[in-house]
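Novice: Predicted coordinates and the sequence they were generated for:
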Amino acid sequence: MTHKRTTPKIFFHARELRKAQTPAEQKLWAYLRNHRLNGLGFRRQHALGPFIVDFCCPMCKGIVELDGSQHIDQNEYDESRTEWLNNQGWKVIRFTNQQVEQNLDAVLMVIMEAFAPSQPLPSEKSHMEEK
């Protein structure tokens with residue numbers, strides 16, 4: 001199976017990462033999956049070009065990255081990666097695993113504010129018209 005957005009090798013690696021989520025990723029995914037957060041549809045461990053992002057919302061071109069302890073020594077890599085994603089039209093926001101573990105409500109609020117649709121979602125429009 002070929003994918004236009006990435007290589008087969010990266011696509012396979014993304015699939016493997018979905019099977020081995022960190023505890024912070026699992027915790028956040030419980031709130032992002034199935035359009036649970038403000039109707040936004042997120043994907044996890046999603047391959048984009050040469051990178052795999054933790055969570056992305058294609059509808060709003062938003063990316064949520066969780067940084068664990070391994071990110072302490074890779075600031076330059078993370079910055080160049082974010083720059084590449086921004087140049088492709090994606091908005092990237094970052095949180096530490098510790099923020100997710102200790103203050104999930106604040107993390108979810110930042111995500112909702114950062115990626116709130118400027119127009120009501122189609123499902124929201126139909127509910128508004130019914131009232």
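Specialist: That came in fine, so what should we check first? All values reported here derive from a predicted model rather than from experimental measurement.

Novice: what does the strand or helix carrying Ala106 rub up against?
Specialist: Here Ala106, judged by DSSP states H and E, is contained in helix 104-115. With contact meaning CB atoms under 8 Å, 6 or more residues apart in numbering, helix 104-115 is reached by 27-28, 31-32, 37-38, 40, 57, 60, 62, 64, 91, 93, 95, 99-100. All C-beta spots, glycine's among them, are computed from the backbone N, C-alpha and C.

Novice: Tell me which stretches of the protein form helices.
Specialist: 8-19, 23-32, 75-87, 97-102, 104-115, 122-130 (DSSP state H).

Novice: Phe95 touches Leu66, doesn't it?
Specialist: Yes - counting by CB atoms under 8 Å, Leu66 is a contact partner of Phe95 at 5.7 Å.

Novice: got a list of what Gly41 touches?
Specialist: Contacts of Gly41 (CB under 8 Å, 6+ apart): His35, Cys57, Pro58, Met59.

Novice: so the residue nearest in space to the middle of the chain bridges to which residues?
Specialist: Centroid-nearest residue in the chain: Phe55, 2.2 Å away (criterion: CA atoms, centre = their mean). Taking DSSP bridges as the rule, Phe55 bridges to Arg44, Val64.

Novice: Pull out the buried residues from stretch 48-56.
Specialist: For stretch 48-56, the neighbour count (16 or more other CB atoms under 10 Å) marks Leu48, Phe51, Ile52, Val53, Asp54, Phe55, Cys56 as buried.

Novice: what distance separates that stretch from the middle of the whole chain?
Specialist: 8 Å (CA atoms, centre = their mean, to the nearest Å).
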